[in-house]
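Peer 1: Just need the structure, nothing else, for what follows:
(4 chains)
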Number of protein chains: 2
Amino acid sequence: MFKTVKQNKAYQDVVEQIQEAIMEGSLKPGSQLPAERELKEQFGVSRGTLREALRVLEQKGLIEIRTGVAGGSIIREVNSEKLSENLGLLIRNRLVSLRDLAEFREGMEGGVAALAATRAREQDLTALHDLLAVAEGHLNEGRKGWDDFVRTDEQIHMSLARMSGNQLFITVLESVYYNIHIYYENYLPWGTALLLENFKDLQDIVAAVSARDAERAREAAQGHVRRFNAYMEEKPAG
Amino acid sequence: MFKTVKQNKAYQDVVEQIQEAIMEGSLKPGSQLPAERELKEQFGVSRGTLREALRVLEQKGLIEIRTGVAGGSIIREVNSEKLSENLGLLIRNRLVSLRDLAEFREGMEGGVAALAATRAREQDLTALHDLLAVAEGHLNEGRKGWDDFVRTDEQIHMSLARMSGNQLFITVLESVYYNIHIYYENYLPWGTALLLENFKDLQDIVAAVSARDAERAREAAQGHVRRFNAYMEEKPAG
DNA sequence: GATGTCTAATGGTTTGACCATTATCGACAT
DNA sequence: ATGTCGATAATGGTCAAACCATTAGACATC
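Peer 2: Prediction:
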């Protein structure tokens, strides 16, 4: 019937006030908080307590702390860094498996490709074709081009995400790609055949996006991820 | 050619040592760290510095701090709570619009439903049908049942996510649902017609999952989300 | 045996000092 | 006039010692 009375600790109160000001828009990215010795007066806490609060905000990725004169706490632009870090922790602790990651990608990349097809500007399409050409170049470099090819492949996928114009897709996919690398080395049966098939998939996706055919782009992207994942599962211990 | 020399701050060093011990397995979930006054000796730092480190670890979700005698820092089971929190921050930061959120759901729920159809156990299906019956009940309660219906609707979606057996889907969808409520109140043209259509969609999805028809489940779920989103966009200011 | 009270361990907070880093500005050489 | 170097002061990083607040467990009381 009654809720537990929550005794807010002083530093939590400080965290909440600053966080709320950021969310609500009073504190804009790039702007700077007063110095610690000034802030502690405004909040009426000791410097130690204030610093614990700042550490929490820093860990949340909301502020960045600089030393030296004119230093202080700077409000950060929101980004995917901490999201990646958290996902990495889950992966290291086996709460999220390779299969989970793969399935998740499969579920999302179709939607991303479809949106990209709808919203791509001319310059985006040009950049996409350029990346495709770069990837093709790496394909002909034999073994030493493999890593570069994979990197380019990833750039193409991230370009598609950005073209979707959806910040949520962009951020989440960034985190997934950042963390899926761990598996590439161990689970992927590297070979020219795989890379070649991959390249053809990418060509299909880019073609569909260029034609602004959302449904074809969706299917091409889903098929691509599915085939790629199948390869990884075939050889579960490299 | 050379990397910037990173001057580790004392509290960062403490964070890294403890985190590494957790990851590597020396510190197991449920076990307890020594008291602050003891720990500060072991690390050779002041209590203030140690506490900043503990705050960071707490914010990462790695430890939980209890007061009182026999209190201290307890190693937590790794979970996805902080990932949700971070995603929630992103969503609330205006960088993510209702449209972004809606598109994202559309991309995900199809995949979730398909996986659920593949992996559902008998008891899951029973629970799903029970929830459907509850939703139908709320449908006949008129205006006062609307909120309950939406809540049940959400439970059905979360059940599907759990049935997918994919922790990533579960966590991400949790965050999305937790944060989409802000929009429901303002953007949704509440009405019996909407709820009824929604209910039919749910029936379709559950039927497809029960038949273990992954593709039908995927399409039903995607269509459901798409229709629901269309409603929200129709009336953009409640 | 149930209930209340005391105690000691432990986290929470404060104060004041000093160290480390760095933007800024002025002196000086060119 | 301009560039270079060094002093300066503002600001974050760290330390130390004390006291307050909370709580599990021991102990006393009924």
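
Peer 1: Could you find the closest non-adjacent residue to the residue nearest the centre of chain A?
Peer 2: Per CA atoms, centre = their mean, the C-alpha nearest to the average position across chain A is that of residue A:174, at 2.1 Å. Sequence neighbours aside, residue A:80 is the residue nearest to residue A:174 in space, at 4.5 Å (criterion: CB to CB, 6 or more residues apart in numbering or on different chains). All C-beta atoms are positioned from the backbone trio N, CA, C, and that covers glycine.

Peer 1: Could you verify my assumption that that neighbour touches residue A:171?
Peer 2: Yes: using CB atoms under 8 Å, residue A:80 is in contact with residue A:171, at 4.1 Å.

Peer 1: Return the residues of chain A in contact with DNA strand C.
Peer 2: Proximity of chain A to DNA strand C is confined to A:9-11, A:44-49, A:52, A:66-71 under the rule CB under 7 Å from any atom of the strand.

Peer 1: Pick the one among these closest to residue A:216.
Peer 2: Among these, residue A:66 lies closest to residue A:216 (CB to CB), at 48.8 Å.

Peer 1: are any of the residues of chain A next to DNA strand C buried, and which?
Peer 2: With burial judged by 16 or more other CB atoms under 10 Å in any protein chain shown, the buried subset of the residues of chain A next to DNA strand C is A:10-11, A:45, A:48-49, A:52.

Peer 1: where along chain A do the helices fall?
Peer 2: Secondary structure of chain A by DSSP state H: the helices cover A:10-24, A:36-43, A:47-59, A:81-92, A:98-119, A:122-139, A:146-163, A:167-187, A:192-210, A:214-234.

Peer 1: Quick check: buried residues in the first one?
Peer 2: What it means is helix A:10-24. A:10-11, A:14-15, A:18-19, A:22.

Peer 1: Could you do the fifth one as well?
Peer 2: In terms of neighbour count (16+ other CB under 10 Å), helix A:98-119 has its buried residues at A:98, A:100-117.

Peer 1: Can you sort out which of these also neighbour chain B?
Peer 2: Contacts with chain B within those, as defined by CB under 8 Å from any CB of the partner chain: A:100-101, A:103-104, A:106-108, A:110-112, A:115.

Peer 1: Pipe the residues you listed into CSV and attach pLDDT per row.
Peer 2: Output for these, formatted as CSV (pLDDT from 0 to 100):
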residue, pLDDT
A:100, 93
A:101, 92
A:103, 91
A:104, 94
A:106, 88
A:107, 86
A:108, 92
A:110, 92
A:111, 92
A:112, 95
A:115, 95
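
Peer 1: Check what pLDDT the residue nearest to the centre of chain A gets.
Peer 2: Confidence at residue A:174, expressed as pLDDT, is 93.

Peer 1: Which residues outside stretch A:63-73 are in contact with it?
Peer 2: Stretch A:63-73 is contacted from outside by A:18, A:32-36, A:54, A:57-58, A:74-76, using CB atoms under 8 Å, 6 or more residues apart in numbering or on different chains.

Peer 1: ok, of these, which come out buried?
Peer 2: A:18, A:33, A:36, A:54, A:57-58, A:75-76.

Peer 1: which two in the residues you listed are spaced the farthest apart?
Peer 2: A:36 and A:76, at 17.5 Å, using CB to CB across those.

Peer 1: Next up, the contacts around residue A:127.
Peer 2: Residues in contact with residue A:127 (CB under 8 Å, 6+ apart) are residue A:159.

Peer 1: For DNA strand D, see how far away it is.
Peer 2: Computed as CB to the nearest atom of the strand, to the nearest Å, the residue A:127 to DNA strand D distance reads 38 Å.

Peer 1: ok, now residue A:178?
Peer 2: On the measure of CB to the nearest atom of the strand, residue A:178 and DNA strand D end up 25 Å apart.

Peer 1: I figured that residue hits residue A:84, correct?
Peer 2: Yes: counting by CB under 8 Å, residue A:178 touches residue A:84, with 4.5 Å between them.

Peer 1: neighbours of residue A:154, just the number please.
Peer 2: 16 (other CB atoms under 10 Å in any protein chain shown).

Peer 1: To clarify, my last question referred to residue A:130.
Peer 2: 11.

Peer 1: what about stretch A:36-43 and DNA strand D, touching?
Peer 2: Yes: contact of stretch A:36-43 with DNA strand D (CB under 7 Å from any atom of the strand) involves A:36-38.
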